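Undergrad: Structure for this input, please:
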Amino acid sequence: MSERLKDTLTKHLAGRGVIVWVGIAVLMLLSGSEFLTLFRDGFSRASQVTILGALVGPVLCIVLAVGLRWVAVSLGLFVAVAFFFLNDGFMFFLTITAFMIFGSLAGTASARSVRALFLTLSTAWMVQFGIQAQGDAVLLVALAPLSALSYLVTRSIYSLREKNANAVEQMQRAQEQTRTAIDKERKNIARDLHDIVAHDITIVAMQSKAAKFANDGQMALEALDVISKLSSETLHDLRLMLNVLRADGTMSDEAAPGIDAPAATTVYALQGAELFAQRLKDANFQVTSTMDARISDLPRSAQTAIYRVMQEGTTNVIKHGAPGSSCTLELLSNGTEAVLEITNQIDVSEKKMKGLPEGGSGLIGMSDRMRTFGGKFSTSSKNGFWTLRASIPF
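TA: Have a look, this model is predicted:
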């Protein structure tokens, strides 16, 4: 069987389609016997009940087919047919079958008002049938419970299907939220790894070159000492991050033995400012640093964001700043927000200008961090100076 045929059958025979097509088959079967009688006896000698049964059956089939697209319209037309044509006790078998079929169809309606209106009108029909049919009213003993049973069974099945569909939708939504959370966490991890590794490796590379070309043995030893400390800090930071990834425990602030300066995972903004100012000095920059003690009142998470921006900003200064030039690092509070500003001289030669950061992963990561806390981030280049400015509201 081709996939196209399978899809077509699934579409038409799933859910409401089963009720409609099976109902049409049953109604045509019932009205078919009346057609046979009509052809055998002739139209002139056929009884009114036979003629009515032969006509009502196909009409009900058409009305039922409408239910594939418009359930409320189909139910309304059926009630109209019932009031006008299904008042004869001799057609009761066709009547009870029709009410069971359309009762099942009503059970598939998602709108409660449609179901309530159908049940109300069906009850009204039964009342007027009981009044008009007189002796045949006893047939309602079978019609009422069978119609109600067909409605309740179908409604129960559809309620379960709706609950299952809602459960599946909630599960899919939860999976999507999980995927989003994982993607966000992956982005955060990648950003932290970039901040830690790019910063420290950049300084290690610079100090390695300094040690290689140093004419003074003492300067070479100092460069190697910086490399040793940074390598230990980077290894410590990576171990802490891996511990967080491997377990659900919280990250410790205790620095590993032998580390003099705070590691990148020990994220206090003021200590970070001191650390990065010293690293800029170690990289042979003339540093002027200004810090405000009120920055320590920021939440730990906000201090982490500022720390990371300082870390990446320091890396950019070392990579793109004019060697031996002056730079400033200010971490101040103006009462409503904490402001970080890093300014450094740049080499305005064409080769160096092409190397300036203009929107790489580092700048994007810094901007994302500030936006997360409702802060601002900007960079500018003017008159041979590169300025990075970031702010977070208190």
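
Undergrad: who does whichever strand or helix holds Ser74 touch, helix- and strand-wise?
TA: Assessed by DSSP states H and E, Ser74 sits inside helix 71-85. If contacts are counted by 3 or more C-beta pairs under 8 Å, 6 or more residues apart in numbering; DSSP states H and E, helix 71-85 sits against helix 48-66, helix 92-107, helix 112-133. All C-beta atoms are positioned from the backbone trio N, CA, C, and that covers glycine.

Undergrad: Out of these, flag the one nearest Thr387.
TA: Closest of the helices and strands packed on helix 71-85 to Thr387 is helix 112-133, at 63.6 Å (criterion: C-beta to C-beta).

Undergrad: Contacts for that closest one, please.
TA: Helix 112-133 is contacted from outside by 71-72, 75, 79, 82-83, 86-87, 89, 99, 102-103, 106-107, 109, 137, 139-140, 143-144, 147, 151, 155, using C-beta atoms under 8 Å, 6 or more residues apart in numbering.

Undergrad: mind saving the C-alpha coords of that helix as CSV?
TA: The C-alpha coordinates for helix 112-133 follow below in CSV (Å, rounded to 0.1, in the frame of the first residue of the first chain):
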residue,chain,number,x,y,z
ARG,A,112,-19.4,22.6,25.0
SER,A,113,-22.2,25.0,23.8
VAL,A,114,-22.7,22.8,20.6
ARG,A,115,-23.0,19.6,22.7
ALA,A,116,-25.3,21.3,25.2
LEU,A,117,-27.6,22.7,22.5
PHE,A,118,-27.8,19.3,20.7
LEU,A,119,-28.7,17.5,23.9
THR,A,120,-31.3,20.1,24.8
LEU,A,121,-33.0,19.9,21.3
SER,A,122,-32.8,16.1,21.3
THR,A,123,-34.6,16.0,24.7
ALA,A,124,-37.2,18.5,23.3
TRP,A,125,-37.8,16.1,20.3
MET,A,126,-38.3,13.2,22.6
VAL,A,127,-40.8,15.1,24.7
GLN,A,128,-42.8,16.1,21.7
PHE,A,129,-42.5,12.6,20.2
GLY,A,130,-43.9,11.1,23.5
ILE,A,131,-46.8,13.5,23.3
GLN,A,132,-47.7,12.9,19.6
ALA,A,133,-46.9,9.2,19.4
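
Undergrad: Outline the domain layout of the protein.
TA: 3-173, 267-394 (automatic domain parsing).

Undergrad: how about those in TSV, adding distance to Arg186?
TA: TSV is the format used below for the domains of the chain (distance: least, C-beta to C-beta, whole Å):
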stretch	distance to Arg186
domain 3-173	20
domain 267-394	13
